[in-house]
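Peer 1: Below is the sequence, then the predicted model.
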Amino acid sequence: ASPAPPSPMPRRQRGVPDGGEDSPLATFKTMLDRVHDHISLPRFIVDIIDTPEFQRLRGLKQIGNTHYLYPGATHTRFEHSIGVAHLAATMARKLQLNQPALGIRDRDILCVMAAGLCHDLGHGPFSHLFENVMKRAFRARGIDRKWRHEAMSIKLVRQIMSRADLGFYGLNEDDVEFIILCIDGLPPEAPWP
């Protein structure tokens, strides 16, 4: 077999090292971000970004209805989530490099990055104001349930992952559960799994 042609994508110049061509963190796409400059994204992350569930975040404001008072305030959940994915991967890579005894693998970093990317998938219009509206609507109908965007994010992550060929990315169902755990967290009394 002949070697694969070189990627037309530029190699990342700063930020999280991508672990090499065989790593699940290998750069597939580089995106220009207003805050973080160039962000390198692995294939798994780009494929999540390309889903309808994630694309809907382009129309959701990160700062609720603040743009009515400050029309230039246009930061979206889409931009925010990509930045969080970048910062989550940067943090996990630093832990991997500085605390090797933890045994953090590249696929763990990919899962943390995916959790950062997907943590706000469940937001509705007007950001956290939507949660208050939903809580009032449940209460008015006598439904004893709280609306949490994290719970909806998890439902949407499960929906996306149900369509994904996890093996293609070197992932499995345990990795999906780790992504969900990173989004939802553990109750204080729960032991680490």
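Peer 2: All right, it came through fine.
Peer 1: gap between the most centrally placed residue in the chain and residue 107?
Peer 2: The C-alpha lying nearest the average C-alpha coordinate of the chain belongs to residue 117 (CA atoms, centre = their mean; 1.2 Å). Note on residue 117: its distance to residue 107, by CB to CB, to the nearest Å, is 15 Å. Every residue, glycine included, has its C-beta placed from N, CA and C.
Peer 1: Repeat that for residue 172.
Peer 2: In terms of CB to CB, residue 172 sits 9 Å off from residue 107.
Peer 1: where along this structure do the helices fall?
Peer 2: Remark: helices assigned in the chain by DSSP state H are 43-49, 52-55, 77-98, 106-118, 128-140, 149-163, 173-184.
Peer 1: Am I right that residue 153 is in contact with residue 122?
Peer 2: Yes - with contact defined as CB atoms under 8 Å, residue 153 reaches residue 122; the gap is 3.6 Å.
Peer 1: Against residue 102, how distant is the residue nearest to the centre of the chain?
Peer 2: Applying CB to CB to residue 117 and residue 102 gives a distance of 22 Å.
Peer 1: Could you do residue 23 as well?
Peer 2: In this view, residue 23 and residue 102 are 17 Å apart by CB to CB.
Peer 1: who's more crowded, the two?
Peer 2: Set residue 23 next to residue 102 and count neighbours by other CB atoms under 10 Å: residue 23 wins out with 17 against 11.
Peer 1: residue contacts, that one?
Peer 2: By CB atoms under 8 Å, 6 or more residues apart in numbering, the contact list for residue 23 reads residue 106.
Peer 1: try 10 Å this time
Peer 2: With contact set as CB atoms under 10 Å, 6 or more residues apart in numbering, residue 23 has these partners: 17, 42, 105, 106, 107, 109, 110, 170.
Peer 1: Phi first, then psi, for residue 50.
Peer 2: phi -80, psi 0 (degrees, to the nearest 10).
Peer 1: what's the burial count for it?
Peer 2: Using other CB under 10 Å, the number of residues around residue 50 comes to 10.
Peer 1: So for the nearest residue to residue 146 once chain neighbours are set aside, what pLDDT did the model give?
Peer 2: Using CB to CB, 6 or more residues apart in numbering and skipping residues adjacent in sequence, the residue nearest residue 146 is residue 135, 6.2 Å away. Confidence at residue 135, expressed as pLDDT, is 77.
Peer 1: same deal with residue 192?
Peer 2: Residue 192 carries a pLDDT score of 76 in this model.
Peer 1: list the contacts for it?
Peer 2: Residue 192 makes contact with 181, 186 under the criterion CB under 10 Å, 6+ apart.
Peer 1: pLDDT weak spots in this structure?
Peer 2: Scanning the chain for pLDDT under 70 picks out 1-21, 64, 126-129, 147.
Peer 1: need the contact list for the closest residue in space to residue 51 that isn't next to it in sequence.
Peer 2: What sits nearest to residue 51 in space, not counting adjacent residues and going by CB to CB, 6+ apart, is residue 160, at 5.3 Å. For residue 160, the contacting residues are 47, 48, 51, 52, 53, 54, 114, 118, 121, 176, by CB under 10 Å, 6+ apart.
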